[in-house]
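Asker: need coordinates for the following:
(2 chains, ligands or ions: 1)
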Amino acid sequence: MDKFEKLTGIAAPMPLVNIDTDMIIPKRFLKSIKRTGFGVSLFDEMRYNRDGSEIPDFVLNMPQYRDAEILIAGDNFGCGSSREHAPWAIKDFGIKAIVSTSFADIFYNNCFKNGILPIVMPQDVVDVLMKDAEKGANARMTVDLENQTITTSDGESFAFEVDAFKKHCLMNGLDDIGLTMEKASAIDTFESKAAQERPWV
Amino acid sequence: MSPKTLYDKIWDAHVVSEDADGTCLLYIDRHLVHEVTSPQAFEGLRMTGRTVRAPEKTIAVPDHNVPTTLGRENPDQMPEDSRIQVAALDTNAKEFGIHYYPVTDVRQGIVHIVGPEQGWTLPGMTVVCGDSHTATHGAFGALAHGIGTSEVEHVLATQTLIQKKSKNMKVEITGKLRPGVTAKDITLAVIGATGTGGGTGYVIEYCGEAIRDLSMEGRMTVCNMAIEGGARAGLIAPDEKTFEYVKGRPHAPKGAQFEAALAWWKTLFTDEGAHFDKVVTLKGEEIEPVVTWGTSPEDVLPISSVVPAPESFKGGKVDAARRSIEYMGLTAGQKLTDIEIDTVFIGSCTNGRIEDLRAAAAIVEGKKIKVGRAMVVPGSGLVRAQAEEEGLDKIFTDAGFEWRMAGCSMCLAMNPDQLSENERCASTSNRNFEGRQGFKGRTHLVSPAMAAAAALTGHLTDVRELM
Ligand code: SF4
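Answerer: The predicted model follows:
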């Protein structure tokens, strides 16, 4: 997995609340058996007309946001299905950090597995960041995972919380499965104990 | 010992190891797999030379893509990309030696209907699946939740999941439901009250008289939509109804083992005085048959209401409501019962079980539909067979419904069952997101009885007027 340390980039504002996984990546793109190539389909139904042409006023189609690497979003971002295609599409597009007042649980976890940093901030901070993002391409924000801060283009800095283990994995690009397999003997022990206590499982 | 919630008890029984910061390795008892969210996970195993750690605890069934028309065994019925996904599951199931119910098997169906039906889901278990509606299995007092594809791979390889414990939330539904009000109305009413983010960070335990009074199938409907309320999982403490339902199922324990299991299952309840971080209480008798008017499951109102004005909301919801109303082609102030329906869909893991079909058939019997199309898609081949034995298929087809084979179908429209642009559907499924049932399709979530009522009148209808 890619490492995430520090990122300075363009932030795109998406103030809409409840942006769900069907909006992020509609299901007709779920038929792929690969993990890549979803970026062009990110936000498909908001981003393209039926004939495939771009909808010019959709934020990621605007010239100043086409290279956005940060998303500032409305409340409850990523609600809906468990599809990891949603973070795959976000990643494939080039977005590496998302800020919102809250994220749906499964989506939040899926982000970390794919090198994306979801940041939860209170409403007043999201409002400030949203305003900053609205300034367009000249307004570059900095997300510093090590120090857990996000800094606006004006140099205003806000601290954020992140789970220590998730931070560690993200900063080092660690693969969860490899880490867990190192605990194989603990799993063996659990299994033999469970086989005694709950043999019907 | 300090008193524990049901969630605490199941959690504690499955912790393999715990780090200083509270990150746990949680053992997984059952892993359910379907064709859409698993191919990349199996591919990952292959690429790293890993195997499935516990194939005997892993169950696979294709459901999302499969056609629900007769003769679907013929692969020509599926578009190329769907065929590839289903074929990949066939291959992966064989190669890794996991339990498998192919399309040709009468036991095939929606993964969350097959699990309980076959006795794979038992009280006190941890159950995961690469699908958010895994919450359904919580009806058995099993800790069940959806996971992403990376986690599917993690569970395949290690039979564990890296997890932090959620907080405890209690949703109590007191008293009795009134006639015409169902489990679906309960679960939608709860989301209406708490919002789609109301359960975020929590595992919900549903309790109270109205929940206890529900059948196992009704309880599955309630837990199924815990995820729409944002919760990691929904739980209902197992009781005699649960044990009765489980007993004799193909993969449930038998004989002395059943007795041993029963002894443990009977300890699975929230202790007196256990702490909940959040409590929501609804009065059962105040719940009405409800419908959704917008494009979020929290956009719920009693059928007697009108489409709300966007200005009546606060914050970002004002714009979201405006967008919803426009998308749905409605006007603020319009009576919900004046909304005309083109299509009716009865099915899904929320409402595709036999009792759902019986409830709909009871309304439909002897009448004709007034909508353009209406379909019943049983949740599994066995539900379909049972319904046919009871003559329900005849009631539906006589009324003008299509009688389909089992699968997810129009719940998410990954197979050919889709709404066309602006087509308006009364649906027993669980999500009314934009485009969920087809590009620009419009979805109103309802109970099976309410869906049947809409089919007969051609508009959203209070089912109690037809009872
Ligand atoms: S029926 Fe719908 S919600 Fe249930 S598993 Fe299938 S697609 Fe998901």
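
Asker: so where do the helices sit in the stretch 301-450 of chain B?
Answerer: Counting by DSSP state H, counting those that start in this stretch, the segments of the stretch 301-450 of chain B that form helices are B:317-328, B:348-351, B:354-364, B:381-389, B:392-399, B:448-457.

Asker: ignore what I typed, I meant the stretch 151-300 of chain B.
Answerer: In the stretch 151-300 of chain B, the segments counted as helices under DSSP H, counting those that start in this stretch are B:183-194, B:209-212, B:216-224, B:240-246, B:255-265.

Asker: related to what we said a few turns ago, out of the helices of the stretch 301-450 of chain B, which is closest to the ligand?
Answerer: Distances from the ligand to each of the helices of the stretch 301-450 of chain B were compared using Cβ to the nearest ligand atom; the shortest belongs to helix B:348-351, at 3.3 Å. (Each C-beta comes from the backbone N, C-alpha and C, glycine too.)

Asker: pull the CA atoms of that closest one into PDB?
Answerer: The C-alpha coordinates for helix B:348-351 follow below in PDB (Å, rounded to 0.1, in the frame of the first residue of the first chain):
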ATOM      1  CA  SER B 348     -34.600  -8.200  -1.400                       C
ATOM      2  CA  CYS B 349     -32.900  -9.300   1.800                       C
ATOM      3  CA  THR B 350     -35.100  -6.800   3.600                       C
ATOM      4  CA  ASN B 351     -38.400  -8.200   2.600                       C
END
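
Asker: wait, does that helix contact the ligand?
Answerer: Yes - figure legend: helix B:348-351 in contact with the ligand (Cβ under 6 Å from any ligand atom); contacting residues B:348-349.

Asker: what helices or strands is that helix leaning on?
Answerer: If contacts are counted by 3 or more Cβ pairs under 8 Å, 6 or more residues apart in numbering or on different chains; DSSP states H and E, helix B:348-351 sits against helix B:111-117, helix B:216-224.

Asker: now render those helices as TSV, adding mean neighbour count, mean pLDDT and distance to the ligand.
Answerer: Formatted as TSV, the entries for the helices and strands packed on helix B:348-351 read as follows, by neighbours: other Cβ atoms under 10 Å in any protein chain shown; pLDDT from 0 to 100; distance: least, Cβ to the nearest ligand atom, whole Å:
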stretch	mean neighbour count	mean pLDDT	distance to the ligand
helix B:111-117	27	98	6
helix B:216-224	28	98	8
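
Asker: any idea which of these gets closest to chain A?
Answerer: Shortest separation from chain A across the helices and strands packed on helix B:348-351 is recorded for helix B:111-117, at 12.1 Å, computed as Cβ to the nearest Cβ.

Asker: tell me what that closest one is packed against?
Answerer: Looks like helix B:111-117 contacts strand B:30-33, strand B:58-60, strand B:126-129, helix B:216-224, helix B:348-351, helix B:381-389 (3+ Cβ pairs under 8 Å, 6+ apart).

Asker: how about a markdown table for these, with distance to B:Asp299 added?
Answerer: Shown next, in a markdown table, are the helices and strands packed on helix B:111-117 (distance: least, Cβ to Cβ, whole Å):
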| stretch | distance to B:Asp299 |
| --- | --- |
| strand B:30-33 | 30 |
| strand B:58-60 | 35 |
| strand B:126-129 | 27 |
| helix B:216-224 | 18 |
| helix B:348-351 | 17 |
| helix B:381-389 | 29 |
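
Asker: can you tell which of the ones you listed is closest to B:Ala452?
Answerer: Distances from B:Ala452 to each of the helices and strands packed on helix B:111-117 were compared using Cβ to Cβ; the minimum, 11.0 Å, belongs to helix B:348-351.

Asker: which outside residues touch that closest one?
Answerer: Under the contact criterion Cβ atoms under 8 Å, 6 or more residues apart in numbering or on different chains, helix B:348-351 has outside partners B:110-113, B:133, B:136, B:184, B:221, B:224-225, B:377, B:379, B:408-409, B:411, B:427-430, B:447-448.

Asker: where does the stretch 301-450 of chain B get nearest to chain A, residue-wise?
Answerer: B:Gly316 (3.8 Å).

Asker: the residue nearest to that residue when sequence neighbours are not counted and A:Ile106: what is the separation?
Answerer: Distances taken as Cβ to Cβ, 6 or more residues apart in numbering or on different chains put A:Val17 closest to B:Gly316, at 3.8 Å, once the chain neighbours are dropped. According to Cβ to Cβ, to the nearest Å, A:Val17 and A:Ile106 sit 18 Å apart.

Asker: B:Asp277 too?
Answerer: The value you get for B:Asp277 to A:Ile106, if Cβ to Cβ is used, is 20 Å.

Asker: more crowded one of these two?
Answerer: Remark: of B:Asp277 and A:Ile106, A:Ile106 carries more neighbours, 28 against 12, as counted by other Cβ atoms under 10 Å in any protein chain shown.

Asker: next one: that one relative to A:Lys113, how far apart?
Answerer: Taking Cβ to Cβ as the measure, A:Ile106 falls 11 Å from A:Lys113.

Asker: what does B:Tyr100 give?
Answerer: For B:Tyr100 relative to A:Lys113 (Cβ to Cβ), the value is 26 Å.

Asker: more neighbours: these two, which one.
Answerer: In this view B:Tyr100 and A:Lys113 are compared by other Cβ under 10 Å, and A:Lys113 has more residues nearby, 23 against 19.

Asker: what's the closest non-adjacent residue to that one?
Answerer: Residue nearest to A:Lys113 in three dimensions, not counting chain neighbours: B:Ser150, with 3.8 Å by Cβ to Cβ, 6+ apart.

Asker: likewise B:Pro253?
Answerer: Once flanking residues are discounted, B:Pro253 sits nearest to A:Trp200: 3.5 Å by Cβ to Cβ, 6+ apart.

Asker: now swap in B:Arg353 and tell me
Answerer: Taking Cβ to Cβ, 6+ apart as the measure, B:Arg353 lies nearest to B:Glu217, with 4.6 Å between them; neighbours along the chain are not counted.

Asker: same question, B:Ile363
Answerer: For B:Ile363, the nearest residue in space outside its immediate sequence neighbours is B:Ala452; the separation is 3.9 Å by Cβ to Cβ, 6+ apart.

Asker: surely that neighbour meets B:Val364?
Answerer: Yes - counting by Cβ atoms under 8 Å, a contact exists between B:Ala452 and B:Val364, whose distance comes to 5.0 Å.

Asker: which one's more surrounded, those two?
Answerer: Neighbours per residue (other Cβ under 10 Å) separate B:Ala452 from B:Val364, with B:Ala452 holding more: 32 against 28.

Asker: tell me the contacts of the more buried one?
Answerer: In this structure, B:Ala452 makes contact with B:344, B:346, B:359-364, B:463, judged by Cβ under 8 Å, 6+ apart.

Asker: of those residues, list those near the ligand.
Answerer: Applying Cβ under 6 Å from any ligand atom, the subset of the contacts of B:Ala452 adjacent to the ligand is empty.

Asker: quick one: buried ones out of those?
Answerer: Burial by neighbour count, 16 or more other Cβ atoms under 10 Å in any protein chain shown: within the contacts of B:Ala452 this picks out B:344, B:346, B:359-361, B:363-364, B:463.
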